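S.K.: Pasting the sequence and the predicted model now:
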Amino acid sequence: MKTLKKIILLLFVNVAMVSCSTAKSEVEGLTFKEHLEVLFPKAKINSIKIADHFTEAFELILQQPLDHKNLKAGTFDHHIYVSHSDYNNPTVLVTEGYNARRKTYELSTLLKANQIQVEYRFYGKSRPDSIPWKYLNNDAAVADYHAIVTKLKGIYKKKWLSTGISKGGGSAIIYKSKYPKDIDVAVPYVAPLANTKQDQRTTAFINSIGSIECRENIKKFQRAVLKNRTEIMVALKNYADEENISFTTMSIDEALEHAVLEFPFSFWQWGSSCDDIPDENANPKELFTYLEKVSGFYLFSDAGVYHYLPSFYQNMTELGYYGYDFTPVKDVLKFVKTTSLMSFAPQDVALTYNPKYINEVRDYIENNGNDMLYIYGANDPWGACAPNPKPAVDALKMVLKGGDHGTRIKDFSKEEQQKIYNKLQSWLGKEVKIYPIE
């Protein structure tokens, strides 16, 4: 009887969607899970642990089209997490840039909102055994969001917001530029829009931030590591054994040099202190420990290369990235031969970069991107690639003095937070309640 009820309701909803758009969610007597089963009849829906202000939560495994314009191309298993608060509350779409680690996002807490966390296609659990690279592009990803949002608007009829962090923030920006009517307000955090495969603005930023003394100490540290290469390689090999980390896709010698070249970017990105940089005459153990702390070695390990392979494919085809600055260490490098990070991308796939894609997104956002709140940290090199809305655009860009890539609304002063709340309120309307961060 229960199955028959759902079939009848599904038929009712399908008819309603065709005949009257306002009737999409007017199906009474269903539990929240049953609503989801009606909207996503082919999905696997599993209950998951609830947290914070949510009352129900589910993982949905969707049969997402590889190509939304050609359904014959096939599908992939797409994992999303739906955390329900109240039908009368706003809904926050989290546009993940990578795999989805289920958590409650700051914006969802701020509004006691429903939260839809969408894993980026071909990342994490949504990664097929063999990636069909031609379907890994931003237009396909935002079409995923559009399809999901369109269906969920059948039950969530109040205000919709999108948010994402770093690459996920970039996804929120791209989505807003491609489907501007889907979302009422977009809140990207620390989101880069790189112009090229090696955006030189990040290098210029790194060479201008902080004191001259600090920048010189960073360069001296890089050189000290490579001048103590023999001892530090012993420490790195011991570390790899202890942590069960392998380096076969990229040699361990190359990994060390990549970590050294990555150091200045990571140093500023994650808010390191100039006072903590070891002296150039520090012992090799101390040099290695600090390099591992700031740069880390995961990105260059087999596991890291595998994990970020889809990301670097996108970086080298549409998104762009940054390049390394060889200047401080060029004479002591032995293994890394190019400033480009092309070696992190798949090597058996054609990689043709489209320089127009992000520039078209930037042009739209800077000139037409209303109802957008940007959050950045002033010391984050990715901020050098941030969009700059024109004065006539109704957007707010907040840059935290001394902030880094971990900057969130909660890190701003009470006065600055209130400025953010006031702007959100003006966009969302008085019917939406904001719960200030304690």
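M.R.: Arrived safely, thanks for sending.

S.K.: Do a quick rundown of the strands in the chain.
M.R.: With DSSP state E as the criterion, the chain has strands at 44-47, 56-65, 75-84, 91-95, 114-118, 160-165, 185-189, 372-377, 395-400.

S.K.: Of all the ones you listed, which one comes closest to residue 310?
M.R.: Checking the strands of the chain against residue 310 by C-beta to C-beta gives strand 75-84 as the closest, at 12.3 Å. To be clear about C-beta, it is placed using only N, CA and C from the backbone, and glycine gets the same treatment.

S.K.: low-scoring pLDDT stretches of the stretch 301-438 of the chain, where are they?
M.R.: Judged against pLDDT under 70, the stretch 301-438 of the chain has no low-scoring part.

S.K.: Show me the helices in it, by range?
M.R.: 302-314, 356-368, 414-428 (DSSP state H, counting those that start in this stretch).

S.K.: Reformat the ones you listed into JSON lines and put mean neighbour count and distance to residue 90 next to each item.
M.R.: Converted to JSON lines, those look like this (neighbours: other C-beta atoms under 10 Å; distance: least, C-beta to C-beta, whole Å):
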{"stretch": "helix 302-314", "mean neighbour count": "18", "distance to residue 90": "30"}
{"stretch": "helix 356-368", "mean neighbour count": "17", "distance to residue 90": "22"}
{"stretch": "helix 414-428", "mean neighbour count": "15", "distance to residue 90": "7"}
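
S.K.: closest to residue 104 out of those helices?
M.R.: It's helix 414-428; of the helices of the stretch 301-438 of the chain, that one is closest to residue 104 (C-beta to C-beta) at 17.6 Å.

S.K.: what's the angle between that closest one and strand 372-377?
M.R.: Between helix 414-428 and strand 372-377, the angle comes out at 160 degrees (axes from the mean of the first three to the mean of the last three C-alpha atoms, to 10 degrees).

S.K.: now helix 414-428 against strand 395-400, angle please.
M.R.: Going by the same axes, to 10 degrees, helix 414-428 makes 160 degrees with strand 395-400.

S.K.: From here on, call the first residue 541.
M.R.: All right, first residue 541 from here; so that's helix 954-968.

S.K.: from the middle of its chain, how far away would helix 954-968 be?
M.R.: 23 Å (C-alpha atoms, centre = their mean, to the nearest Å).

S.K.: For it, which helices and strands make contact with it?
M.R.: strand 725-729, strand 912-917, strand 935-940 (3 or more C-beta pairs under 8 Å, 6 or more residues apart in numbering; DSSP states H and E).

S.K.: ok, residues contacting it?
M.R.: Contacts of helix 954-968 with the rest of the structure, by C-beta atoms under 8 Å, 6 or more residues apart in numbering, involve 630, 650, 699, 701, 724-725, 911, 913, 934, 936, 938, 940, 949-950, 952, 972, 974, 976-977.
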